[in-house]
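Engineer: here are the coordinates; sequence isn't available:
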């Protein structure tokens, strides 16, 4: 296995894309790129595996809480 292959996150893993400063969940792979989707869903984007790192548990929890809070602000009351 090459060093680059070792850096590729697993399907479903939450990662930080440093090139775009975004958090996403790994949805697949196309060529040398990894497809990511925002945690709350939405449009996928291609990311270079060299710019990705797994989230810590604290970062993941914080990102999920932020998504829930944003969703609650969008819903009519």
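Structural biologist: That came through, no problem. Remember, predicted model here, so these are calculated numbers, not experimental data. Numbers count the residues shown, from 1 in each chain.

Engineer: I'd like the distance from the residue lying closest to residue 40 once chain neighbours are set aside to residue 44, if you could.
Structural biologist: Excluding its sequence neighbours, the residue lying closest to residue 40 (Cβ to Cβ, 6 or more residues apart in numbering) is residue 67, at 4.3 Å. Every C-beta, even on glycine, is put in place using the N, C-alpha and C of the backbone. From residue 67 across to residue 44, the span is 16 Å (Cβ to Cβ, to the nearest Å).

Engineer: repeat for residue 72
Structural biologist: Residue 72 is 24 Å from residue 44, by Cβ to Cβ.

Engineer: Could you check which of the two is surrounded by more residues?
Structural biologist: residue 44 (16 against 9; other Cβ atoms under 10 Å).

Engineer: Residues touching whichever helix or strand the residue nearest to residue 40 is part of, excluding its own?
Structural biologist: When secondary structure is defined by DSSP states H and E, residue 67 falls within helix 57-74. Helix 57-74 has contacts (Cβ atoms under 8 Å, 6 or more residues apart in numbering) with 14, 16, 23, 38-40, 55.

Engineer: what do you get if the cut-off is 10 Å, keeping everything else the same?
Structural biologist: Residues from elsewhere that reach helix 57-74, judged by Cβ atoms under 10 Å, 6 or more residues apart in numbering: 13-16, 23-25, 38-41, 53-56.

Engineer: out of those residues, who has the most neighbours?
Structural biologist: Taking other Cβ under 10 Å as the neighbour criterion, residue 24 ranks highest of those with 25 neighbours.
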